[in-house]
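Visitor: structure for this input, please:
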Amino acid sequence: MTTSSTGHSAAGQALGYLHQCMWALIELGRRAPSEPSVELRLESLDDIQFDTDGSAGELLQTKHHAGASGALSARSTDLWRTLNIWMDLTASDNLLLRLVTTQSLAADSPLGGLRAGRERDAESATSALLEAAAESTSVTTAPWRRKFIDLDEDARKSLLDRIVIDDNATPAPGFDQELTKTFRYAIPVGSEVVFAHLIKGWWSGVSVRLLARTLDAVTGEDPGPRNSRVLAGQQACEGSFRVSCVVS
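Guide: You can find the predicted model right below:
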C-alpha cells in the first residue's frame with residue numbers, strides 16, 4: 001500500500017490503508033461467482049494475496065493517491081517501489097502480480113502494454129523501464145533501478161510477463177458506489193445505501209481479524225449478499241460470504 005498526502009498530515013496514509021482493506025472486499029466480490037473457493041489474505045506475501053488449493057497464485061499491491069494523483073509513468077516512485085518487492089520473489093512460483101493504482105497511465109504510455117487484454121506489449125514496457133532506470137536521477141529509486149538493470153534478460157522477461165497494471169482505480173471516497181456496482185445483482189432495489197453500510201461494517205471486523213492473524217483467510221463462496229435479512233440489520237456475513245478461517 002502506498003498513498004500520497006500533503007504536509008505532515010497522516011490522513012493520506014490512513015486513507016491508503018483503508019483503501020487497501022476495502023479494495024480486498026471488492027476483489028473478493030468480483031471473483032466470487034467464478035472462483036468461490038479462492039482464499040484471500042491481507043499483508044501476507046503482499047498487500048493482498050489470493051491462494052488456490054493452498055498455494056499463492058496472485059499478489060496485489062494497491063496505490064492510493066488523495067486529490068490530484070497525476071500520471072503513472074516509468075519513472076514513478078510507486079512503480080519502482082513495487083518492482084523492488086516483486087524482484088525478490090522466486091520466478092518459479094509463477095505468481096500473477098497486479099498493481100492497482102488510482103493514478104492513470106497516459107494514453108501513449110508504453111506501460112499500457114502491461115494492462116490486461118489483447119493489446120499487451122510487455123516488451124515495449126520493458127524497454128521503457130530500462131530507459132527510465134538508466135536515465136532517472138531519483139535518489140529514492142536508485143537502488144531499485146540498479147537491481148532491475150542487473151537482472152538477466154530471462155528473469156526480467158519473466159517478471160514483466162507476470163505483471164498487470166490496473167490504473168485509474170476507484171479512490172476511497174467512491175467505495176460505496178463500487179460496492180453496490182460489484183454486488184448489484186444481490187441487492188434489493190432501494191437498499192443500496194443500507195447494504196453498503198452493513199457490508200463495510202462486517203468487512204471491517206473481518207479485516208481486523210485477518211491483520212491480527214486470528215483469521216487466516218476468507219473466501220467468497222457466494223457471488224454476493226442475496227439474503228434480504230442482511231439488509232434488515234442482521235450480520236452481513238450471513239448473506240454475503242461464508243468465512244473460511246484457520247485460527248492462529
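Visitor: so what's L25 closest to, chain neighbours aside?
Guide: W203 (4.7 Å; C-beta to C-beta, 6 or more residues apart in numbering). C-beta: built from backbone N, CA, C; applies to glycine.
Visitor: tell me where this structure has strands.
Guide: Remark: strands assigned in the chain by DSSP state E are 2-4, 39-42, 48-52, 55-65, 71-72, 96-101, 104-105, 163-166, 218-219.
Visitor: relative to P188, which of those strands is closest?
Guide: strand 218-219 (24.0 Å; C-beta to C-beta).
Visitor: so what secondary structure elements neighbour that closest one?
Guide: strand 39-42 (3 or more C-beta pairs under 8 Å, 6 or more residues apart in numbering; DSSP states H and E).
Visitor: D88: how many residues sit nearby?
Guide: 8 (other C-beta atoms under 10 Å).
Visitor: contacting residues around K147?
Guide: Residues near K147 by C-beta atoms under 8 Å, 6 or more residues apart in numbering: N84, M87.
Visitor: using CSV, lay out the strands of the chain together with mean neighbour count, distance to I149 and mean pLDDT.
Guide: Putting these into CSV (neighbours: other C-beta atoms under 10 Å; distance: least, C-beta to C-beta, whole Å; pLDDT from 0 to 100) gives the following:
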stretch, mean neighbour count, distance to I149, mean pLDDT
strand 2-4, 21, 23, 56
strand 39-42, 22, 32, 95
strand 48-52, 20, 28, 95
strand 55-65, 21, 22, 94
strand 71-72, 18, 20, 93
strand 96-101, 22, 19, 97
strand 104-105, 17, 22, 94
strand 163-166, 18, 17, 97
strand 218-219, 22, 39, 91
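Visitor: return the helix or strand in the chain with minimum mean pLDDT.
Guide: helix 228-231 (a mean of 39; mean pLDDT, DSSP states H and E).
Visitor: if we can go back for a sec, which one, of the strands of the chain, ends up nearest to F195?
Guide: Per C-beta to C-beta, nearest to F195 of the strands of the chain: strand 218-219, 18.5 Å.
Visitor: tell me the strands beside the closest one, with direction?
Guide: strand 39-42 (antiparallel) (DSSP bridges).
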